Each structure stands twice: as structure tokens, then as C-alpha cells.
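>>> next input, structure requested:
(chains A, B, C and D, ligands or ions: 4)
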Amino acid sequence: MSELLRSELLGSDLSHARTLALAGRHGGLGAAALTPAAPATRLSLRAKPDAVETLSAALGISLPTRPKTSASSNGRHALWLGPDEWLVIDETEADLMAAAASSNVLHSATDVSHRNTAILVKGFGAEVAVNGGCPQDLTLAAFPINACSRTIFGKAEIVLLRTADDAFRIECWRSFSPYVFGLLSEAAEDAGN
Amino acid sequence: MSGANRIPGAGRLTPAKTARFFFDGKSYAALEGDTVASALLANGVHLVGRSFKYHRPRGIVSAGAEEPNALIGVERDAARKQPNVRATVQDVFDGMKVVSQNRWPSLAFDVGAVNNLLAPFFAAGFYYKTFMWPKQAWKHVYEPQIRAAAGLGVSPTEDDTDHYSSRYAHCDVLVIGAGLAGLSAALAAAKTGARVIICDEQPEVGGALHYDKSVTIDGLDGFTWAQATAANLKRMTNVKVLPRTTAFGYYAQNFVGLNERVTEHLAKPDKKLPRERLWQVRAKRVIIATGAIERHMVFANNDRPGIMLASAARTFLNHFGVTVGKKIGVYTANDSAYEAAFDLKRAGVTIAAIVDSREKPGEGVLAEARALGIEVLTGHGVVNTSGNLRVSSMSVARNGGGAARSIAIDALLMSAGWTPSVHMFSQSRGKVAYDTETQRFLPGAYAQDCLSVGACNGTNDLQATIEESLAAGELTARASGYSASEKLELQGHNAFNWTGGMAGAAEGAGPDTTVKAFIDFQNDVCAKDIRLAVREGMHSIEHIKRFTTNGMATDQGKLSNIHGLAIAAETLGREIPKVGLTTFRAPYTPVTFGTLINHSRGELFDPTRKTPMHALEEAQGAVFEDVGQWKRAWYYARAGEDMHQAVNRECKTVRDVAGMFDASTLGKIEVVGPDAAQFLNLIYTNSWDTLKPGRCRYGIMLREDGFVYDDGVVGRLADDRFHVTTTTGGAARVMNHMEDYLQTEFPHLDVWLTSATEQWAVIAIQGPKAREIIAPLVDGIDLSNEAFPHMSVREGKICGVPTRLFRMSFTGELGFEVNVPADFGPAVWEAIRAQAEPLGACAYGTETMHVLRAEKGYIIVGQDTDGTVTPDDASLGWAVGKKKPDFVGIRGLRRPDLVADGRKQLVGLLTKDPKVVLEEGAQIVADPNQTVPMTMIGHVTSAYWSENCGRSIALALVAGGKARIGETLYVPMPDRTIAVEVSDMVFFDKEGGRLHV
Amino acid sequence: MLLIYCPYCEEERSELEFRQAGDAHIARPRNMTEMSDADFEAFFFLRDNVKGLTFERWRHLNGCGRFFNAARDTVSDKFLTTYKAGLPRPDISALRPAASSPVGTAPVETYEATEADAK
Amino acid sequence: MRKYSVFAVAREAMRGHRGWEAQWTSPEPRKAYDVIIIGAGGHGLGTAYYLAKEHGITNIAVLEKGWLGGGNTGRNTTIIRSNYLYDESAGIYDHALKMWDGLSQDLNYNVMYSARGVMMLSHNIHDQQVFKRHIHANRLNGIDNEWLTPEQAQEFCPPLDISRSARYPINGAALQRRGGTARHDAVAWGYARAAADRGVHIIQNCEVTGIRRNPDGSVAGVDTNRGQINAKKVGVVAAGHTSVLMEMAGVRMPLVSYPLQALVSEPVKPIFPCVVMSNTVHAYISQSDKGELVIGAGTDQYSSYSQTGGLQIITHTLDAICELFPIFRRMKMMRSWGGIVDVTPDRSPILAKTPVQGLYVNCGWGTGGFKATPGSANVFAHTIANDAPHKINAPFTLERFRSGRLIDEAAAAAVAH
Ligand SMILES: Cc1cc2nc3c(=O)[nH]c(=O)nc-3n(C[C@H](O)[C@H](O)[C@H](O)COP(=O)(O)OP(=O)(O)OC[C@H]3O[C@@H](n4cnc5c(N)ncnc54)[C@H](O)[C@@H]3O)c2cc1C
Ligand SMILES: NC(=O)c1ccc[n+]([C@@H]2O[C@H](COP(=O)([O-])OP(=O)(O)OC[C@H]3O[C@@H](n4cnc5c(N)ncnc54)[C@H](O)[C@@H]3O)[C@@H](O)[C@H]2O)c1
Ligand SMILES: Cc1cc2nc3c(=O)[nH]c(=O)nc-3n(C[C@H](O)[C@H](O)[C@H](O)COP(=O)(O)O)c2cc1C
Ligand SMILES: [Zn+2]
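Ligands and ions are numbered 1, 2, ... in the order given. Okay, here's the model as predicted:
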């Protein structure tokens, strides 16, 4: 850590002193470029069907109830992970915990903003790059834009969200991110071939 | 001229595009597109290797993947040496270095060939019958000798510098094989819009059209049609055409492994390209169009260089423009070999004679032979050959005996017919059926969604092949919901339809037990060996295979299995289908380990999990240890310190001042919901109802069988929210265990689990000055002992970031565990460090943590317990709620053996000599004077030098241990016996006062 | 590598996303503490280990996270059906696929075949 | 039986090997036998052999549904060792190991037992603690097992990568020098020949489809696809199929059958001198006398009777192997296959009487019973002959799952094979 940062640390508010897991990383080639995503707030949200509507209202985004689907609006995404489970991501770093709490219905919300980190994959080879480690069928017909799924990537778990024809957001746990990034880089480099 | 045997105008290679390569150091010319085999043959080189057992000179038998003989080494550089390459499938590239194998000192003069003279001794299975006396000689003489003779090529001895890649792919139709059948099927499927992948192991599509020049499709020359069709397919966005790609394994539910060779044929591959690529394809339907493999004839000395399959000679001529000899004989039981003779004859090569074991070959081929002036000897056999390093003559005799006539030749083509390639079908668990009329195994009952078409399905007729394949393509596409707008039609024509064929020993292989009529060239298995196996009682084809090693070489019996089976059937007097086939297994052809593992090497072999503070710790001198996938700071070595000194210093510092420790790897599970406490009541032995929000408790978790599974501190944040911690190694396991019970046994509970392990960076500050260190940084939490007693949890801020602050201790000191959102971990670590260091505190690692907790008698699940320890055994009985009606493990705990007397219990051990540190894992006995085997009553689970106690300390599991406190026991080591006294488990601050300051 | 239909994700996914979790329909007794040693043994250790149709549990671990049940043939490794946890055993008689044989000839018994057929 | 020797081979070499007699015959089954052994694997054939040799019982049939030796005996990676932790395990495996050393002579069949050493790699502190525990326990039980430093490990096995930069660096190894391999087929064949020579009937292609009981519940015999065969005593030695057979007698077993895969590389000249196992990365490897690298790993995750498994098991095994031995990345896989192994909850075998009088079971060897073949067969024969266990197999009961007196090597060490 630089001396500059050190001295800054002695002041007591460190709320901006984040160390990002993939800081400074870049990878991929023309076929698929990799970029670490900016920090975001994230919620692991659990609830029964009868709470979905109220929670949706509280979060300002309608929680999807079909497998493999997601909803997005204004930088906020709700990803269906399981029949009672969503990953809610807010790219503006809004306070999702508070929003969920305001619903006053039975649910479980856990802040996982720092547990996860994300990698953005973009390029004509994005699909092939992700298929370098992910066994799912990622063709557009099977995995359309906004489709999402928790799945496996090599030896790590990821959550995959397709954001465009040629773009994916890959969420993974912090400590797995160098591995995911590394494997994705190799796969991306081969994706154009 | 790239080789004297190149025939001008023949073949499809471009004469101007030349390359040079080296074979055993000698330089040869080749053309681009040549295989090593075709290039050597072009230069008149037939001798390319030595056989496994007898070291017989061997040449090139085939022109494809089935090659048993022509195995070579290819060396790119010191690190990239490839043994056992089939010369028939390896392209030549400029500057390539090729070496022959299994010979010394040279290919032409090989000392090992003496084995050929000793061959009578080396009958199948001879080693089972000898080398038993004297007993010691096996280990010291015989086995080393046998081993030295083993193997063909030489393993690389340096790390491979090439890289490999992998891809998962999905399609509606996977077509394996791109001959006429595969291409037709792919075309029909592709036209419907279905997603199609078609692969072929060869560099270009076409299959049999490589050699069969008589074929025309829609008026186009067959090979030209194939290339045009492939080009056509490549242009379609729904199709992937993969040449040089072998389908090697057919697994459950249409999961097929493909091995694409990307750069192996290139002189200077682009470094960015992988050498090979693994495709893992999940197909809705599979079309198997793998063709057929020609069989050799089994007769005496049929293994000399220059003796090869007829279709191979035809491929060398028609595709590579190479003639395999100047005066060529043909020995066949099948019409197709005639066409090889015709093509060669038309190219100006002398055909010495066609020897046909049948009395009545096809009329068409006979007529053509007559027209071309080729002598045909029907009802004859080749009964022997001569020629040392290359065949020089064949002896021909009428079937049933008679005088043999010797005919001079320099190559001999053979064909016993065609074996449909049912490998993939059979790997799919389909059952083959024997077609008695054509004496072939064909696809019978299907087990998966696949179809066989063309030669591999036993379809001989060209037009029938086309129609069957087109139909299959359409049918399989339709199964995925695609349909054709118009019906595809193709018109094929060829010169002859092939008939005939035989399996087993031909005339001339005879019943004689000394004749070497080879079935399996690579493993030197002869017809006589099969017969011997049967004589020795091996009546199952599986026994015969294993006894003779027939079909067990790198070609996996592509040529030999059917012959072996036929000879076995004949010897046994049973029909072929009654004897049965051996099992087809993956891979179809050998696959490089590098391809199979592709990216999984080095950093990508397994995720390396590092905590948020890893880099800082590394900079502070931390040495790391592996715990599961995690790297944990083990100890922090300062200049001049060894591990021991560092740990002693850390231990002292924590107890005298304070220390900081990265505890981020501990598993964390957030348990949320109104029934959270009730759920934990069921999962843990403890009771949770009484735990107030803001307080923590140490909990133990059992498996249903009553043994300790995991432990950790659980903090209650609110009525409906718990922060559960688990061991580092147990995190994933415990989460799964809890989910399992929640979802399937207690689904009525309103509670949810979320893994929060990585949400939090955890910094433990332990020691008398812990409070002083963090106090200036913490906001909104009263840290006083009264307001925030031992085993409490508060939420607030530290350094302006949110924290879950635990007051707890795994050291026996006043302690806090600061949880902050992971990305803030490094900054907070540094901030705490800035407070801690001036006070004399230091960072400590897992080793110090282990020592300190052992001083306090705190256990580590997995070290002081294994999967056989109950809470009582571990002195944790207090944590088992006695009044609870149920919890996981409640019944298991009550089984007779778990409550029996004399169980191993965890106790402390004090060595009589305080300086002696026991070894973890050392065994304990009561009576040190016993002879081996000794009665062991326990073992040391933890042992350390305790700088704080000024002596060694240890924990141990000892039978009836608690009742032995004060007793002297013994730890026998190889060089001495260590006397120990059994003690309780707490060695430091027995009253525990330091926790509560 | 098996292909498994997750009744929650309503899609077939690769075995790599799943973990097998032992036999299905072995409910944990409510009266645990009253069980005899023999009953506990039967509950915890004894298994049918069926050659043929088996009912088993899987977890879509790296997917929706749900545990569910499956009816699978342990000889062919084919799934007959999968269904949500908590549902009773389905009637599988309707589910067995018939083997197809486009060629009319009798299959040959390789050892592998015998192995798979034997019951 | 005509004795095998170098002289016999030489004599036969002179006359085209025409004089060898069948190693075993294929008799028609009799109506009844004193003892029926179900399963002609190494354990079953060995049991018959020792019943005949040591207990004078020769009216025996070994019934085999396929071909003898075609079960796991014919498809295992042949690792032999005895450095187990618990006295009970050490007892039975070392009994076997002592018998391996002399088996060729006893059977007059070269089973190629090769004591080339089995080295188990330690990758972390936990491994080291577990291995040391084994090493000390083994020493006090009179079983060889020694700790090697990484350098010593590499000296013993030169291809080993001991660099600290490896993903899972090696911090030592446990070596049992008496451990090694044997030729799997020869073990089955040697026992078959020796048993047949003593009058045992080995009946192949004879599948047991039922177990018959007398009115008093005791065993009466078996039904087979070749008819009913009676016997007073029946021993089930059917490895992966134990549950299926025991169910015929109404006995539910604590077993699950899993596919276990293995593979061989193309043959190469000697490069790998010993057996190496790593539990942390899940793989093991040796080189056969013919030159192939013989490689294995853990089971597939689901129960199955199909003798096949998934590609991912193979790829994961090989990535572990290549991590330990990067020089092998250019080697090629030549064949892969699977077997069906029956696994008990405590990963230890069951060799015992059963609740049915006259019915005995030898099973649960899981992924590691080849090494026990002679010892297991020997004490199981004793158990059948005396209707009482030998003291070596006395702890390996069925009842232990009721009492909780498990012999859980896996729990103590997470080590198999
Ligand atoms: C891939 C693999 C690798 C292994 N590696 C090792 C290793 O390295 N070291 C080691 O020690 N062990 C290893 N093992 C385990 C070892 O192979 C077995 O534990 C051991 O061979 C079991 O021998 P067995 O004689 O009991 O069984 P088997 O050899 O399986 O014999 C049982 C026989 O019973 C027959 N049978 C079944 N049902 C019936 C019936 N109804 N009627 C008639 N007959 C029937 C079967 O056909 C079979 O022939 C491995 C196993 C596998 C599959
Ligand atoms: N004249 C006759 O009577 C007669 C009889 C039978 C066959 N034939 C000829 O045989 C051909 C039959 O066509 P076909 O398409 O059935 O067979 P084919 O031999 O032409 O094609 C099979 C293709 O499959 C490939 N292949 C095999 N196994 C593979 C694997 N595992 N992975 C990848 N590729 C693999 C081969 O390389 C080959 O290119 C026709 O061209 C015809 O001329 C002729
Ligand atoms: C130790 C060992 C070595 C083997 N070596 C070879 C070999 O060199 N070549 C070969 O084709 N198969 C080899 N096999 C595998 C067998 O061919 C066969 O696959 C195995 O016995 C399982 O039988 P199955 O495939 O018929 O089901 C070997 C098997 C074992 C157990
Ligand atoms: Zn799911």
C-alpha cells in the first residue's frame, strides 16, 4: 500500500478506501474484452411467492418469477436464482437493505455487496468465451438477453447475466474472481479462433 | 521431386509446395499436405519401426487412424516431444524431426531383434508361468528386465510448453464423420436451419472419397463434391465444420467429447493458438457416420514392411500421388482390393498378381482385371513372404495345399473386407448385432438418441448411403422442431459394389503353432496365440484378449479384434456372435492429457482463494499455508527469524500486548427468519432460545450419527437474524448440510440461509491491549467490559465503515473480531495496524493462533477431533442441550458404542521433560515395554512449544483419558520413548480471568 | 456427464451443476429418540442400493440451490423423471422409454451388455 | 496340475506350446455342493482356494455371472499397501500384504507382485498430521511406513514436481516400501487354476438369481440361470452387486454401489518407478510392466451399475496428475473404463456371518479391496469353514452399524485405495 494511502488511512473515515478484488485487471482480445465491473450494492433476497409483489414495490423493480429471467431498470437488476431467491444488484450503490426492510413482509435480505464482484465480457466471442468454462447452452435462443442463471464456470460458481447479444455480466465470489478472470481470459483469447 | 515414388499427375497435393523433414536424422523432401507416412513412402522408406515384443521390422499398414505399426516420435524441441504418433495421421511440416521407436542402436540394426529368435519362449502369457524362482530374483532381476523392455516411445521429460483449450457446445445434430454419409446427413440437417456440428478426424472431409476415385456425386468427382459441400456448410451460420477433430468418447445423454488438433500440422504455429482443443458437445441427436475400416489378411509373416491395406495404397496413390511399390502383389478376400490394383495399374505400376482366397470374386472386378491384363489367382492364398527390412516376395499356393510359387514383389496389398466402425455407437451403450450374411457387427439396439448411417451402418450401396444419410439428417433435425422446405436429392455413382470378406486366419496361417501370422501387429499377437489361449482354458473373449493382449495396444484392435474373435470362435467351435465382442471404450484414438485438462493447470488448476488482506500480509512477511483452497498467513517472519522464533515472538506478544490476525476465511452463514432460533436448535446440540440479541455462543454441530461435524461461534444480531461462523474447511459442507435439513426435513420453518463468508473481512485483535487498539477507531459501540462483555456482538462503525464487532476470543485473551465489508478489509487492517504497532502489538498467523488456543485447551475440529469423536469425548458435553427434544445427531449419540466406557477422550499431555515437544500424530501406550504390535491407547492431536508456559504442551485423544489424569503414559518414538503425564486440557490461565477484563 | 432436468429451473442442465444427495423418501423420523438401535441403523445406514429403478435426491447446487427427487435407472443411468422435494413417488410405469432397434437383428451379448441386463 | 516353471516353458517352446493344459475347466454344475461362493473375483476364487487348501473342503462351486476375474479384480489399478491406521485394518491388510509376498510361489503362478513402494503425498499441515499419525501407528503395529521430505520424495520418484510454486506444493510424503502392485488378471487366474486343481468347480456364465432358504430360515442353496444348486453354506463375494444378492436373502445392506473409473496411457519406456497417490488432489498413478501409466481417481457421484462414468472424472483426475507430474501433459490416454464398487458408511469391508444361518458375506471393499485379496480370502474361508470369524476379520461385522463400533479409516484420514 502506498505511503500516500497509508497517511490517508490515519484519518478515520475509510468509507471510500475500497480495495477491489480485480483492480487493474484487464483481459481478453478483440473477440471478447474483459473488464472488472464497478462496485455495486447487492442483496441476496429470499422470500415466498406471497411476498413478491410487496417486495417488488419496495425495491422498485418487479422480481421475476420465471426461471432464468431477470428484470432491470435504472441500473438496478433483479435476477431469479431460485424459486425463492433473487440476486438484486444496484449499480448506483443505492441502499438495497433499507429498501427491502421497508417492505415489512416476511423475507430475508442479506447484504452481499462485497461478497460478489463482477466481470463484464463483451465482444462477438463473448458467448464462446463463457462457454470455455460454462456448460450451459448460451446461444441466444436458449439464453436470450436478460437471461440469468447461477451456474458453474470451470471450478468456480458464477451467476451469469446476459446484458446484450454480445455481452455478459459474470458475478462471482470475491476470492474466486482471479480464477474466473484468469480462465475467462484464456477462453476469451481462444474465442476468436 | 519430393520422393522417387511420387507419380506425376497423380494425387491432389501441389508439387510446388515442398517441405523438408528429418527421419532418424536423415533429411527427406515432402509436399505440403503429406502425412509422415506418405512422405516416407514417396521416398521409398517402408521400414519405420520395431514391434513391441519381438522387435520385428515394421512398416506402414494403413493410411489412417487405425494404424497399428507406424508409430514414431515427433520432436519440436526439448520440451515438445511426442511419442507414439501414428505416421499415417501426422502431417509433415517444414523442419520437422521424426524418430523411430523401440530400437537400439538403430532401426535397421536392432539388438532387441534377438527376441524374434527367442520368440518360441515368449508365447502368450509366458511370464505368468515363470520368473518365480528364486523368489528374490523377481524383484531384482526379472522384473527390471521386463520393465526395461516395456513401452514403445519415450515419455517427455520436460514440462510441455504448449497450451490447450476447451469449449462446451450445444447443437441439435452432431454428425461424427464427414465422408459421403456424414456430409449428406449434415447437409440435410443444416438445410432445415437446425444447429449442426460435423467433425472428422482427417484434415479434409471426404472419408473414403480420398481413395475411391470412381465415385461421382451429382456428376462431380466425389472428393471435389465433398470439399464443395463442406465449403457450403461452412458458410451457413447454423453449422460448425470441424476437420482434424476426432469424436473420442460418447458419454451419457448424448454428451460427446471431441478432440480438435489445431496446430499439430503447422511448422510455426501462432503462439496464441492452442495446440489442441477439447469440445464437450451436448447434442440433441447424434448421427454416427464413421465409415468402415479395412481388415488385413492373416497369413504367415504378414507383417513385413511393404505389406499394407489395399485401401491405404489407394489413398497413397490417389490422394498423395505416391506409389507404395513398383511391383505390387495383392492378397484379398474382397472386391475392393481390386480397385486398388486397377488404380495402380492405370498409374503405370506393375501388379504382380491378385491372389484371391475366394473361388468366385465379383464378376465386374474380374472382367476389369482381365481388361487391364492383371493376373488373378482365385482360390489361392499367400502362404508366406520373405524380405528382411522390406517384403521381397510372396509365396502363393492353391487353397488346400500344393506347391507354392514365389512371386517377387516390393509391396503387398491386402484386404479381408471391411469392419463397420461401430465404436461410437457401442460407446453410446448401443448393442451391436451380428449380421451372419455379411459377417459383420452392425448397430443393433440403440440406447441413446442417435442414428448410424453409411458404411458404419453396414450400408454398402452408394445411393442407399446417400438416401439413408439425407433421411437421417432430416429426421434428427425434425426431432428438434426443424423441417426442410424442400426435399434434398443427390445422385451418386461408383464403379463397383464391393462384396466378400473374411475374418480370422487365412489359408497359409495354418494350424501350425510356429507360424507367425499376425493379428495384432503392435502387440505381436499371432493367430497361434489365440489358439494357445483357448487351449489353456481361456474361453471367454475377454480372457483371450487379456491373456494374449490382442486389441490392447494403442490402436485398440481396430484391425485385430475381429480376427481374434473369428479365430477364437473357430477354435472353440462356436459361432462368432456366441463368443461376443470385447467392450469398446473411450477414447476412440488416444487423446493427449493436455487436451483433456486444457486450462486446468498452474493457477487455473484450482481456484486459489486469498483474503482481502493477502497482499498486505505478504508485504509484512507472512508465509502462507494451504487450508483447502485458501491461503492463510501461517506466521510472519521478521528478518533473521525462523518459523519457531517468529511463532514464539508472536505468542508472547499477543499475551503481553496484543496481536492482530486475519480470520476472514472462517465460514459465515447468515440465518434469517422468524424461525431462525428454532432451526439452529435442530442443527446444533446447543439451545439458542435463550441467547439474547447482541450475544454470542459457541455451538457444536453433529452429523446424524452423533459425531462432531463442525463448530463455531454464533452471534444473534436480532430476534430473527443470526451470524453463524464455521470452520474454514467446513464452510461449504456445513452450508450444504444446513440447506439439506432446512429444505427436506424442516421445510415448515420460516428461515433462510445465505453464505456471507466473503462479504466480511475479519480482523481479530487479541490481547490485553486489544480494546486500547481499536477504541479510537470504533464509532457508536461502547467497548467497556460491562457494556460489551465477552461473547457479545454489536453493529456500528469502525473507521467510518460498517462493522459487526464481536467480542470473543480463541486465544483466551481479551479479544475482538472486527468484521467489515470485504473491500474495506485492507484499509481497516492498516488502520488497526497503525494503532497496534506503536503499542508493541504485532500480526500473527495461524500457527500462533493454534498454539494460543491449545494453551487454553480450545479444540480444532478436524485436528483434535476426527469423524469418530463425540462431544463428550472432546469434553464438550456441556454444549449438548440435555433437555432438547431433538437435534441432528441426538439419536446417533445414544448408540451403544458411543456411550460405552473406555472411549477415547481428549486430554492434555505434559511431557516429563518440559523441553521435549511431542510430534502430532504420535501414538500413546500405557506400557512402553511391550513388543510390537503394541497396544495403542491414543494419539497426540496437537503439540506445541508454548513460550507462554515455558514448556511443551499437547492435546491427545486417550482411551478413558479423563480417568487417567495424573497417570504417566508413554509415547514411543523410533529413537526413544517419551514419558508424559496426562493432564486436563487447559495450560494457561486456568481460571479464564483474562477473558473478562 | 449426465443431463438432469431441474424441476425448479424447468430445464435440463449439466451434471456439473448438481450434487447427488443419496436416497429419496427416507424421512427423518419425528420420534428420533424413541427409535431402537435397529431402527436407527435401518434409517441411517441400510440402503436398497437398487439395480434398476432408484429414487434419489439431487441438489441443484450451482443452480437454483434446490434439493429435488429423481427416478433414475442405475443400469442405463437414464432419468425417468425428476420432481420437487416433498412430492410422493410418481407412477413410473408410464415413464419407461422403450428401446428402439432400427435394425431387425438380435443384439450380441458383449460382457458389457450382459452386465447391464442382469438384474 | 502340471507345474509351471522356466523348464516347462522351455519344453513347450520346443513343441509349439502344444502341451499346455487348460488352466481351469468349465464343468457342468452339480446338484449340490458343500459350499457355494457367489462371485469369481479374486476374493471369491481365493476363498474357494483356501477352503480347499486349508480347511479340506473341496466340494465347492464358485458361481460367476460373467467371466472369472471380470469384475473389479480385472479392472482395478492394482495398488497394494497395508499402512492403514486402525489396528483392525492394519491387521487384515497386512495379513494380505504378507501373503502377497509368496503368493506366486504358493499358487505356482506369477502374479507379478511388485514391491516398488507406494508413496502418498502430503500437501499441507493437515495431511502431515494425518500421515504422521499413520506412520507412528504403523510402526507400533510392525508395519513399514516412513516419512519423506519433499527432496527424498523426488529422489524416490524423479518425475515428481516438488517446486514450491505448484498450486498444492508437497510438504512431504509417506512411503510404504513393501507396497506396490500386482498383475490383476494373474491373481484371478492363479487362484482359479489352483482352486480348480483342488477340485473346485468354477462355473462361469452362471448368474445367481435367488437365494433359497430352508423352513428354519437357514440357507438351502441358490437359483441360477442354469438351474437350482443346493448348498449348506453360501458365501456372497460379489463386490458391486452385494446388495442385489443379499436382497435375495432378505438382508438389507449398508452399501451403495458407485462407478469408479480408471485409465491407461499409451505405453512408454520406464519413466515412473513407484506408485504415487495424492488424496488432496485426488489421483494416483503407477506404470505397468508393459509401459502404460495406470491412473485412477475417485468415484462418480451417483450410484450406478453401468461400469461407465462421466468424462469430468477423467479430466479432473488428469489435471491433478499433470499438476503433480507436468511432464506427462503430452502423454495420451489410450483407454478408460469403469468398475462398480460397493461402499460402506465407514469405508471398511464387511467379512462376516449374516443374520441368515449359512450365509456369509465378504463385501464393502469399495475402492480399495484388491490389495486385500489373499488376506481377505484366507480369513473368509476360515469364517465359512468354522462358522465363526477368524480373529483378524472378527471386527468387520455387519452389527457394527447398529452398535456404532465403526472402523472409519476415512473419517480418520480421508484416505482410500
Ligand atoms: C477402477 C478401479 C480401481 C481400483 N483400484 C484399486 C486399487 O488400486 N487397489 C485396491 O486395492 N483396490 C482397488 N479397487 C478395488 C478392487 O478392485 C476391489 O475391491 C476388488 O477387486 C474386489 O474384488 P472381489 O473379488 O471382491 O470382487 P470382483 O472382482 O468384482 O468379483 C465379484 C464377482 O461377482 C460376480 N457377480 C456379481 N453378481 C453375481 C451374481 N448374481 N451371480 C454370480 N456372480 C455374480 C461379478 O461378476 C464379479 O466377477 C479398484 C476398483 C476399481 C473399479
Ligand atoms: N463401393 C462400395 O461397394 C462401397 C461399400 C462401402 C463403402 N464404400 C465407400 O465408403 C464410403 C461410405 O461413406 P461413409 O461416409 O459411410 O464412410 P467414410 O469412410 O467415407 O467416412 C467416414 C469418416 O468418418 C471419419 N471418422 C471415423 N471415426 C471418427 C471419429 N470417431 N471421429 C471423427 N471422425 C471419424 C473418418 O475419418 C471418415 O472420414 C463411400 O464413400 C463409399 O465410396 C464403398
Ligand atoms: C492395470 C490395468 C492395466 C491395463 N492396461 C491396458 C492396456 O495396456 N491396454 C488396454 O487396452 N487396456 C488396458 N486395461 C484395460 C482393460 O482393457 C479393460 O478396459 C478393463 O479390464 C475393464 O474391462 P472392460 O473395458 O472390458 O469393461 C488395463 C486395465 C488394468 C486394470
Ligand atoms: Zn434448478
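
>>> secondary structure class for the closest residue to chain A within the stretch 251-400 of chain D?
Proximity to chain A, evaluated over the stretch 251-400 of chain D using C-beta to the nearest C-beta, is greatest for residue D:316 at 8.7 Å. Any C-beta I mention is one placed from the backbone N, CA and C, and that applies to glycine too. Secondary structure of residue D:316, reduced to three states by DSSP: H, G, I helix; E, B strand; the rest coil: helix.

>>> what about residue B:432, distance to residue B:570?
Using C-beta to C-beta, to the nearest Å, one gets 20 Å for the distance from residue B:432 to residue B:570.

>>> more crowded one of the two?
For residue B:432 against residue B:570, the residue with the higher neighbour count under other C-beta atoms under 10 Å in any protein chain shown is residue B:432, and the figures read 26 against 20.

>>> just the pLDDT at residue C:100, thanks.
Listed pLDDT for residue C:100 reads 41.

>>> and the spatially most central residue of chain B, what does it touch?
Chain B has residue B:596 as the residue nearest its centroid, 6.0 Å off, counting by C-alpha atoms, centre = their mean. Neighbour list for residue B:596: B:278, D:314-315, D:318-319, D:333 [criterion: C-beta atoms under 8 Å, 6 or more residues apart in numbering or on different chains].

>>> just to revisit the earlier point, was I right about the residue of the stretch 251-400 of chain D closest to chain A contacting residue D:281?
No - if you go by C-beta atoms under 8 Å, residue D:316 and residue D:281 don't touch, sitting 9.0 Å apart.

>>> please, which helix or strand holds residue B:464?
Remark: residue B:464 resides in helix B:462-479, with elements defined by DSSP states H and E.

>>> now the element after that helix, going C-ward?
On the C-terminal side of helix B:462-479, the nearest following helix or strand under DSSP H and E is strand B:492-493.

>>> give me the number of residues near the closest residue to chain A within the stretch 51-200 of chain D?
When C-beta to the nearest C-beta is the measure, the stretch 51-200 of chain D has its nearest residue to chain A at residue D:167, with 10.7 Å between them. Burial of residue D:167, expressed as a neighbour count using other C-beta under 10 Å, amounts to 19.

>>> anything in stretch B:68-86 near chain D?
Yes - Stretch B:68-86 reaches chain D (C-beta under 8 Å from any C-beta of the partner chain) through B:80-84.

>>> could you flag which of those residues are buried?
Buried residues within the residues of stretch B:68-86 next to chain D, counting neighbours by 16 or more other C-beta atoms under 10 Å in any protein chain shown: B:81-84.

>>> I'd like those residues laid out as a markdown table, including distance to ligand 2, pLDDT and secondary structure.
Converted to a markdown table, those look like this (distance: C-beta to the nearest ligand atom, whole Å; pLDDT from 0 to 100; DSSP: H, G, I helix; E, B strand; the rest coil):
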| residue | distance to ligand 2 | pLDDT | secondary structure |
| --- | --- | --- | --- |
| B:81 | 26 | 95 | strand |
| B:82 | 20 | 96 | strand |
| B:83 | 22 | 96 | strand |
| B:84 | 18 | 96 | strand |
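
>>> quick check: residue D:298 is in a strand.
Yes - secondary structure assignment places residue D:298 in a strand (three-state DSSP).

>>> tell me if I'm right that it and residue D:282 touch.
Yes - here residue D:298 reaches residue D:282: they are 5.2 Å apart, a contact under C-beta under 8 Å.

>>> shared neighbours, these two?
Each of residue D:317 lies in contact with both residue D:298 and residue D:282 under the rule C-beta under 8 Å, 6+ apart.

>>> where does chain D have low pLDDT?
D:413-417 (pLDDT under 70).

>>> hmm, I was thinking of chain C
Within chain C, the stretches falling below the threshold (pLDDT under 70) are C:96-119.

>>> can you tell me which residues contact the residue of it found nearest chain D?
When distances are taken as C-beta to the nearest C-beta, chain C approaches chain D most closely through residue C:49, which lies 3.6 Å from it. Going by C-beta under 8 Å, 6+ apart, residue C:49 touches D:243-244, D:253, D:255-257, D:303, D:342.

>>> how far away is the residue nearest to the spatial centre of chain A from ligand 4?
Computing the C-alpha centroid of chain A and ranking residues by C-alpha atoms, centre = their mean puts residue A:171 first, at 3.5 Å. To ligand 4, residue A:171 is 17 Å away according to C-beta to the ion, to the nearest Å.

>>> same question for residue B:735.
Here residue B:735 is placed at a distance of 17 Å from ligand 4 (C-beta to the ion).

>>> could you do residue B:826 as well?
Counting by C-beta to the ion - residue B:826 and ligand 4 are separated by 36 Å.

>>> can I see the domain layout of chain D?
Following automatic domain parsing, chain D resolves into domains at D:25-82+D:84-109+D:184-254+D:347-407, D:118-177+D:257-343.

>>> do a quick rundown of the helices in the stretch 1-150 of chain B.
Counting by DSSP state H, counting those that start in this stretch, the stretch 1-150 of chain B has these helices, from start to end: B:36-42, B:114-117, B:135-137, B:143-149.

>>> re the thing from before, and which of the buried ones among the residues of stretch B:68-86 next to chain D is nearest to residue B:937?
Closest approach between those and residue B:937, by C-beta to C-beta: residue B:83, at 53.7 Å.

>>> tally of neighbours for the closest residue to residue D:178 other than its chain neighbours?
Nearest residue to residue D:178 in three dimensions, chain neighbours excluded: residue D:115, at 5.2 Å (C-beta to C-beta, 6 or more residues apart in numbering or on different chains). Summarising burial for residue D:115: neighbours were counted as other C-beta under 10 Å, giving 21.
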